[in-house]
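Visitor: Just a sequence and a predicted model for now, questions to come.
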Amino acid sequence: MSAAAASIRSRAVALPAWVWLTAIVVCSVALRLVLARRMVAPWIMVDELIYSELAKSLAAHATYAIRGVPARGFGYLYPLLIAPAFRIASVPAAYGAAKAINTVVMSLTAVPAYFLARKVVRPSYALFAAVLTIAVPSMVYTGTLMTENAFYPLFLCCALALVAVLERPTLGRLAVLAAVSLLAFLTRAQAVAIAPAIVTAPLLLGRARLREFKLLYGAVAGAAVLVVGWELVRGESLLAVLGAYRATSSAHYSAGDILRWFLYHLGELDLYVGIAPFAALLFLLTTRERRSPLVATFTTMTFWLLLEVAAFASTQSQRVEERNMFFVAPFFFVALMWWIEHGLPRPRAAGVCAVIAAALAGVVPYSSLINGNATSDTLMMIPLWELQDTVTSLDEVGTVVLAVAIGMALLLLLVPVRYALALPSAVLLLYAVCLWPIEAEPHGGIQHASIGALFGGTSKPDRDWIDATLGHDARVAALFDSNTMDKFTVWTNEFFNRSIRTVYDLHAPTPGSLPETKVAIDPRTGRIAGVKEPYVLTSRSVQLDEPVVASDDVKGLAVYRVTRPLGVTSVTTGIYPDYWAGASASYTRFECRTGRTLFATVGADAHLIRTDSTVVASSGGRKITFTVPWNTTRTLRIPLHADGSRCIVRFQIAPVAVPAAVEPGSTDTRILGMRFLDFTVR
């Protein structure tokens, strides 16, 4: 080593640990800010919409409300954290500010991770553990408006507080543990898993120390009484403490299913942390350190969190919920640095732990879990998705994972002690390699998901195009027609435009069980009662009889100014959103009089119908039969006859066919006969 290099190294070593820790956090914030900017719209729906609505409500009215309706059961702390960002009038700017808050808060997880590691290793190794903590793939959630951003550092603070209590259970330390646990719960109801961890952790320290924790158990019992009393006073069930997740309490749980999903989650967590750290914590459990406060905390918090997540997955999602369990990853990084700190001893138990860690990664049924759900919930599946797209088949992905796991296990067992830092470096390299597909993989990458969510909602270059036209203080209603509109046309435009205050649905509500109002079209008059806002955003296919003030022509959306009792010019029945109809369909024109003519443009698919089609149109008791030649488009001219104030045309179509029965590879089981491409009345 040259004298200059030696001088630089000595100066770096001489710097206090807090300087390095600050630098780690700052570098993480800078990197995450760059990556978060590539998220152009919220895409984990409806979660991101919920927390943005709560934050907007807090910023504007200091209340927790969604679409103007008081909300209960969601995390309170995270919306409060990002609410200052939503005091910015422009929602796109507020969205960027909220993501910036995320990058700072989540990057600060390095601090409790460092202090956890300092319990057992030197400062330099603790700093390495801190780096690994904020290098995990789940740090990409800084680009989303999700509670993970606040829960990750709080979860580690709970672990740090529990370690302190297990070391010496004083009243002050118990108060700190209670405070951070409450903050974690107010951020995310999933924190209920911390309670059984607090109760069971002292049991792992040995019987001799149990007397020291009388105050702890008394405090837990007292807290339980307070919770029960509070819910009774409110007249609620004890399960109300679960908030929005209360529905999970009514599910039927099977011990076998929970065990199976627990094993899947354990195997995926093994892969997530990079195999070697998982083996390190297993090995730590075979040493005398297994009765230490640190290991007791790591073991119980990991077990109860994974059990909770596995139970949820077994009845609700049927997928590996990595997003709900990655918070325990730093425990494994600390265990790896402990092993390195102690000279990487490798007795027979170490070999057994390495074999178990390698084998466990192979128990996950990767081929059935690599799908669209992985984009939001199981990030480590996305690189495997890229792998099966470019290198191997879907069925061989598990074999590739097992080979990588064996390679990491061999590295753990064979690397010379002087090169032991190659192990955490290999984990960092793994995360670096995985970052690109997680960010940009064409099928499952989060950038594509974000862009898809934006374009699913709007094609306008200004995401707040409605506010730009009407002002963010305007009152606009979103009228959702499930037959002609994608759900993102409501969610994305509602997110970026403060002027959208209320959502109404004509047929089926948008998914997510958010506050909405059901309205209907009066079959006699075409009027829509109940919409009170002066402007309405909806699909042009709804054909509101009002002037258009702004439009998104690509998405077929328009904002209408309501100048009279709200109503539509016409409606259709029996016609699907893709314009196909089966054996029958109808068209109704309101405010219609005899003497007008309907021009209906129709056509069939040559792959589906291989013969001429017949369309019989009935209006006012008169029938007209049209022949539509095979593989052509024809405009039908139908004189209208008024029935009161409306004209009704009924269509009978023949022949019909089922795409799944006549087109190879089709899964469409609808009975289809003709496409209605356009209706015009003159």
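Guide: Everything's here; your move.

Visitor: how about stretch 482-497: buried residues?
Guide: By neighbour count on 16 or more other Cβ atoms under 10 Å, the buried set for stretch 482-497 is 483-497. For the C-beta atoms, the positions are set from N, CA and C on the backbone; glycine is no exception.

Visitor: ok, residues contacting the particular helix or strand that has A329 in it?
Guide: Here A329, judged by DSSP states H and E, is contained in helix 329-341. Under the criterion Cβ atoms under 8 Å, 6 or more residues apart in numbering, residues 109, 113, 116-117, 120-122, 125-126, 128-129, 132-133, 136, 138, 156, 159, 269, 272-273, 276-278, 280-281, 283-284, 289, 294, 298, 301-302, 345, 420-421, 423-424, 427 lie in contact with helix 329-341.

Visitor: before we move on, back to that, any idea which of the buried residues of stretch 482-497 is closest to A93?
Guide: F496 (10.6 Å; Cβ to Cβ).

Visitor: Please name the residues that touch that closest one.
Guide: A41, V91, P92, Y95, T458, R463, D464, D467.

Visitor: does the last one really touch S499, like I thought?
Guide: Spelled out, it's D467. Yes. D467 is within contact range of S499, at 5.3 Å (criterion: Cβ atoms under 8 Å).

Visitor: Mutual contacts of the two, please.
Guide: Counting by Cβ under 8 Å, 6+ apart, the common neighbours of D467 and S499 are A474.

Visitor: So which of the contacts of F496 is the closest to V548?
Guide: Once Cβ to Cβ is applied, the member of these that ends up nearest V548 is T458, at 15.8 Å.

Visitor: Buried only: go through the contacts of F496 for me.
Guide: The neighbour count (16+ other Cβ under 10 Å) marks A41, V91, P92, Y95, T458, R463, D464, D467 as buried among the contacts of F496.

Visitor: ends of stretch 388-402, how far apart?
Guide: In stretch 388-402, first residue to last residue: 15 Å (Cα to Cα, to the nearest Å).

Visitor: List the buried residues in that stretch.
Guide: Judged by neighbour count (16+ other Cβ under 10 Å), stretch 388-402 contains these buried residues: Q388, V397, G398, V401, L402.

Visitor: wait, the third one sits on S367?
Guide: What it means is G398. Yes. Between G398 and S367 there is a contact at 6.7 Å, judged by Cβ under 8 Å.

Visitor: Now do the shared contacts for the two.
Guide: Among the neighbours of G398, none is also in contact with S367 (Cβ under 8 Å, 6+ apart).

Visitor: Just name the closest of the buried residues of stretch 482-497 to L182, please.
Guide: F495 (30.0 Å).

Visitor: quick check, distance from the host helix or strand of P277 to the centre of its chain.
Guide: Per DSSP H and E, P277 falls inside helix 276-284. Centroid separation between helix 276-284 and its chain, computed with Cα atoms, centre = their mean, to the nearest Å, is 30 Å.

Visitor: now C592: how far from V616?
Guide: Remark: distance between C592 and V616 (Cβ to Cβ, to the nearest Å) = 21 Å.

Visitor: Just give me the closest of the buried residues of stretch 388-402 to T563.
Guide: Distance to T563 across the buried residues of stretch 388-402 (Cβ to Cβ) is lowest for Q388, with 55.7 Å.

Visitor: Show me what counts as buried in the strand or helix carrying the closest one.
Guide: Using DSSP H and E, Q388 sits in helix 381-390. By neighbour count on 16+ other Cβ under 10 Å, the buried set for helix 381-390 is M381, I382, P383, L384, W385, E386, L387, Q388.

Visitor: The closest residue in space to V131 that isn't next to it in sequence: neighbour count?
Guide: Once flanking residues are discounted, V131 sits nearest to I24: 5.8 Å by Cβ to Cβ, 6 or more residues apart in numbering. Burial of I24 is recorded as 22 neighbouring residues (other Cβ atoms under 10 Å).

Visitor: K99 too?
Guide: K99: 22 neighbours (other Cβ under 10 Å).

Visitor: Report the separation between it and S52.
Guide: Per Cβ to Cβ, K99 is found 11 Å from S52.

Visitor: Which neighbours do those two have in common?
Guide: Here K99 and S52 have L145 as joint contacts, going by Cβ under 8 Å, 6+ apart.

Visitor: neighbouring contacts of the lengthiest strand in the chain?
Guide: The longest strand of the chain (DSSP state E) is strand 580-590. With Cβ under 8 Å, 6+ apart as the test, strand 580-590 has contacts from 523, 525-526, 545, 567-575, 596, 598, 600, 640, 645-654, 656, 670-676, 679, 681.

Visitor: hmm, 6 Å instead?
Guide: With contact meaning Cβ atoms under 6 Å, 6 or more residues apart in numbering, strand 580-590 is reached by 526, 570-575, 646-653, 656, 671-676, 679, 681.

Visitor: for it, the distance to its chain's centre please.
Guide: That offset, for strand 580-590, works out to 38 Å (Cα atoms, centre = their mean).

Visitor: got the CA positions of that strand in CSV?
Guide: What follows is strand 580-590, C-alpha atoms only, in CSV (Å, rounded to 0.1, in the frame of the first residue of the first chain):
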residue,chain,number,x,y,z
TRP,A,580,-69.4,-7.2,-28.8
ALA,A,581,-73.1,-8.3,-28.4
GLY,A,582,-74.6,-11.7,-28.1
ALA,A,583,-77.9,-12.9,-29.6
SER,A,584,-79.7,-9.8,-28.5
ALA,A,585,-79.1,-6.2,-27.6
SER,A,586,-80.9,-2.9,-27.4
TYR,A,587,-80.4,0.9,-27.9
THR,A,588,-82.5,3.5,-26.0
ARG,A,589,-82.6,7.2,-27.0
PHE,A,590,-84.0,9.7,-24.6
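
Visitor: count of neighbours near Y431?
Guide: 18.

Visitor: For D605, give its distance to D553.
Guide: The gap separating D605 from D553 is 26 Å, by Cβ to Cβ.

Visitor: Have a look at those two and say which one is more surrounded.
Guide: Shown here are D605 and D553; by other Cβ under 10 Å, D605 has more neighbours (15 against 10).

Visitor: Quickly find the element holding the residue positioned nearest the centre of the chain.
Guide: Nearest to the geometric centre of the chain sits I44, at 3.5 Å (Cα atoms, centre = their mean). Of the helices and strands defined by DSSP H and E, none includes I44.

Visitor: can I see the domain layout of this protein?
Guide: Annotated domains of the chain cover 251-456, 458-568, 571-681 [automatic domain parsing].

Visitor: what would the ones you listed look like in JSON lines with distance to A224 and mean pLDDT?
Guide: Listed next are those as JSON lines, based on distance: least, Cβ to Cβ, whole Å; pLDDT from 0 to 100:
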{"stretch": "domain 251-456", "distance to A224": "16", "mean pLDDT": "93"}
{"stretch": "domain 458-568", "distance to A224": "30", "mean pLDDT": "93"}
{"stretch": "domain 571-681", "distance to A224": "51", "mean pLDDT": "91"}
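
Visitor: Export the ones you listed to TSV and append columns for distance to G68.
Guide: Shown next, in TSV, are the domains of the chain (distance: least, Cβ to Cβ, whole Å):
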stretch	distance to G68
domain 251-456	23
domain 458-568	6
domain 571-681	29
